[in-house]
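Visitor: below are the sequence and a predicted model for it; my questions follow.
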Amino acid sequence: MAILVAILGIFPDIAAVCSRIIGIETPVNFVFLFIIALILEKLFTLSIKVSQLEDKITILSAEVALRSSDAEKRLDKVEMKDQIDE
């Protein structure tokens, strides 16, 4: 993204041509529109990643709960066995 903004800064004629093609009156407005579009794209990408990470957290917390429950059951069996042996 930064490379695209740098290219627009180095070669302002690109912004002028694109603004004429789209029908925007000044190239500066095109640059603002372009930057806003890039920010929105980044926002949606990060939102998708956060959703994926939330799903992973849910799965991991369920696995931890199952393992904890299983460990408690094993401990109870060992304690019962020790009580029987005494």
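Guide: Perfect, thanks for sending it.
Visitor: helix or strand: which one has residue 20?
Guide: Using DSSP states H and E, residue 20 maps to helix 12-22.
Visitor: how far does that helix sit from the chain's center?
Guide: Put simply, helix 12-22 sits 32 Å off its chain's centre (Cα atoms, centre = their mean, to the nearest Å).
Visitor: and for stretch 24-42?
Guide: Relative to its chain's centre, stretch 24-42 lies at 23 Å (Cα atoms, centre = their mean).
Visitor: and if you look at stretch 18-32?
Guide: The answer for stretch 18-32 is 31 Å, by Cα atoms, centre = their mean.
Visitor: sorry, back to before: let me see the mean pLDDT of the helix holding residue 20.
Guide: Here helix 12-22 scores 91 as its mean pLDDT.
Visitor: number of nearby residues for residue 19?
Guide: The burial count assigned to residue 19 is 19, neighbours taken as other Cβ atoms under 10 Å. From N, CA and C alone the C-beta is placed, and that goes for glycine too.
Visitor: contacting residues around it?
Guide: By Cβ atoms under 8 Å, 6 or more residues apart in numbering, the residues touching residue 19 are 25-27, 29-30.
Visitor: among the residues you listed, which are in helices?
Guide: Of the contacts of residue 19, the ones assigned to helices by DSSP state H are 27, 29-30.
Visitor: filter those residues down to just the buried residues.
Guide: Buried members of the ones in helices among the contacts of residue 19, scored by 16 or more other Cβ atoms under 10 Å, are 27, 30.
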